[in-house]
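# return atomic coordinates for the entry below.
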Amino acid sequence: MQYQSIIRFFDFSGIEYDNVGGFNLSRAKKLVTAEFAMQADGIIVVDGCSYTKQEILAELERRDFSERLQFHKIIWENKGLLAFLEEDRFDFHDGGNWYSLSDMPGFVSFVSPYFSVVYNRIMRSFLNNNDLAAAADWLDYLFFIEAEDEEEALRNTRMYLNDVVRFFRNLNDASYKSRDKELRLWYTTSWSNFINKLPDSLLSYVDEIVSAIINFTVRIQKSGKKICYKISKELLNVTNANYSLLQLIRSNHEAYAQNYKGKTFTGWLKSGVNIVYVIMIVIFAVSKLFLSDSDDSGYNFLDNKVVDKSISEVQRYKNARDYYRTNYGSREFVFNPERNAGGPFDDKNVYLLVEGVKDSAKALTPFSIKNNTRNTIQLYVLRADNVYYFDLAPLEFLSFAPLYNQSVDIILKFDNEGDTFTIPSDSLNEMQFLHVGSLGQEHDTAYVFNDTTNIDMPYLEEAELLQKAPLVIDIRRKEGAFYFQLKGRGNVIYEKGKDAGVTMK
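All right, here's what the predicted structure looks like:
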């Protein structure tokens, strides 16, 4: 569906539109009819854009036209966005001027059908030019596309990914040199970011591509040592493949590094050649952070992650769980296996409870929280003696591994104003809540909240494959609201979001 601004036609026809609430629909229809009555072919061309009477009247007669008119005006005033939608013209500098519109309530729903068509063509241009860095950045603009339009938006991306799989599967020790022009992209540029940023709907391609590339490096490890090493080096930066594949990449690279440079993998790391991968280990293998002496709970903590709070302030954090238990925990749990998403939530703090279970076979451990928003989210994990916080950057995730029967209490802060925050005792009724349990689990409020004086913090362990985790909590933002998508065994039990009080699930 190609976008053409109706505002251009309004200006041509003298139709007033500045006052959206006072738009005179009847007069506008009369002017439209009069304008087209003077056209023999039923088409009016304004600044190279062709309009028909049917198209204009169809837009005017929509029940939501008043809301749509507001968005038409916004696009008309953002000439870069207008040029993108009408003429397929885009550059990232200009895109930054209108990128924030994705947070405007209702705007994404309005623009998505138009945006997806152009998005697909722009992505095709990047991919045809082998510009995977730009393609990776372009994936950030999927925020403007609704789920129902994603198929169209990613059509060329899927074709490209299929081609990549076929390319590496058909490449062998005898043919790779003759196809160096195509292969060069994969050993001379950084392409892992593109793979890492693929949306959930394309994750099935990640393992296929990674497997095909791994197998190719095995085939050329003797005849193409340098190329093999360079491709393997870039593979190390891939983070969203199957955990077993990630382990295979590391073990293979140790052999490739020794084969190419005569170094062991350990020596290669110490040499600082691949600082990016070292950073990745720091980010994702966060269990390595907890190296200090254990406290009385048996868990280890990193001192500089402790929020320095007075006893009274810590008690206010603990009060969040007590408040939730008192107000909502006494209600009857209702199991609903189809409820796998929470939201919408606004930018106020969200209290997240991931419930422990009695049956280890239904456990939610380890579970991961993934930040699929564009902003850093602060996570405050509650304990009886203090509060521990973590900054979760965009597109990163943390993996928690509590005991199977241990509930985890986390407060999420979205606005990031100030380094830390407190919970005033009189503001708990304004807090938002999301209670997550396990599918098929027998919920028991007494069991969940049996120990309100000792809120255990889980240890963090090296992040494994997100797809294999019993629970992945995927946090997304759309049209100014936050949504929690649950994947795996997760089930929403209670939530209190921006639009209402407690909603029983």
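# okay, Ser399 and Ser251: tell me how far apart.
From Ser399 across to Ser251, the span is 21 Å (CB to CB, to the nearest Å). In short, each C-beta sits where N, CA and C put it, glycine included.
# more neighbours, those two?
Neighbours per residue, other CB atoms under 10 Å: of Ser399 and Ser251, the larger number sits with Ser399, 23 against 10.
# am I right that the more buried one is in a strand?
Yes: under DSSP: H, G, I helix; E, B strand; the rest coil, Ser399 falls within a strand.
# and it, bridged to which residues?
Beta-bridge partners recorded for Ser399 (DSSP bridges): Ser368.
# and it, how close does it get to Phe345?
Taking CB to CB, one finds Ser399 at 22 Å from Phe345.
# most centrally placed residue in this protein?
For the chain, the residue sitting closest to the mean C-alpha position, by CA atoms, centre = their mean, is Asn372 at 2.1 Å.
# distance of that residue from Arg476?
From Asn372 across to Arg476, the span is 5 Å (CB to CB).
# same deal with Leu245?
From Leu245 over to Arg476 the distance is 26 Å, taken as CB to CB.
# and Phe84, by the same measure?
Computed as CB to CB, the Phe84 to Arg476 distance reads 23 Å.
# neighbour count for these two, which is higher?
Per other CB under 10 Å, whichever of Phe84 and Arg476 has more neighbours is Phe84, with 24 against 17.
# could I get the full set of strands for the stretch 1-150 of the chain?
For the stretch 1-150 of the chain, the strands defined by DSSP state E, counting those that start in this stretch cover 43-46, 49-52.
# domains for the chain, by residue range?
Listed domain ranges for the chain are 6-152, 154-284, 289-504 (source: automatic domain parsing).
# could the ones you listed be laid out in CSV, adding mean pLDDT?
Putting the domains of the chain into CSV (pLDDT from 0 to 100) gives the following:
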stretch, mean pLDDT
domain 6-152, 93
domain 154-284, 83
domain 289-504, 66
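# picking that back up, and among the strands of the stretch 1-150 of the chain, the most buried is which?
Among the strands of the stretch 1-150 of the chain, ranked by average contacts under mean count of other CB atoms under 10 Å, first place goes to strand 49-52 (a mean of 16).
# sheet-wise, list the partners of that one with their directions.
Applying DSSP bridges, strand 49-52 is found paired with strand 43-46 (antiparallel).
# give me the contacts around the strand it pairs with.
Arg8, Phe9, Phe12, Glu35, Phe36, Ser50, Tyr51, Thr52 (CB atoms under 8 Å, 6 or more residues apart in numbering).
# now for those residues: which two are most distant?
Arg8 and Phe36 (15.3 Å; CB to CB).
# give me the contacts around stretch 66-81.
Stretch 66-81 is contacted by residues 3, 5-8, 17, 20-21, 23, 59, 62, 82, 85, 94-95, 97-98, 101, 104, 106-107, 110-111 when judged by CB under 8 Å, 6+ apart.
# just the buried ones among those, please.
For the contacts of stretch 66-81, a burial check counting by 16 or more other CB atoms under 10 Å picks out 3, 5-8, 17, 23, 82, 85, 94-95, 98, 101, 107, 110-111.
# and which of these is nearest Ser125?
Nearest to Ser125 among these is Gly95, at 14.1 Å by CB to CB.
# so the closest one sits against Tyr141, correct?
Yes: judged on CB atoms under 8 Å, Gly95 makes contact with Tyr141 at a distance of 7.0 Å.
# return the distance of Arg63 relative to Leu69.
The spacing between Arg63 and Leu69, counted by CB to CB, is 13 Å.
# let's see which of the buried ones among the contacts of stretch 66-81 end up in helices.
Among the buried ones among the contacts of stretch 66-81, the members falling in helices are Ile6, Ile7, Arg8, Leu82, Leu85, Asp94, Gly95, Trp98, Phe107, Phe110, Val111 (criterion: DSSP state H).
# with adjacent residues omitted, what lies nearest to the third one?
Beyond its immediate neighbours in the sequence, the residue positioned closest to Arg8 (CB to CB, 6 or more residues apart in numbering) is Val46, lying 5.3 Å away.
# that neighbour bridge partners, please.
Counting by DSSP bridges, Val46 forms beta bridges with Cys49.
# gap between it and Ile74?
Counting by CB to CB, the gap from Val46 to Ile74 is 20 Å.
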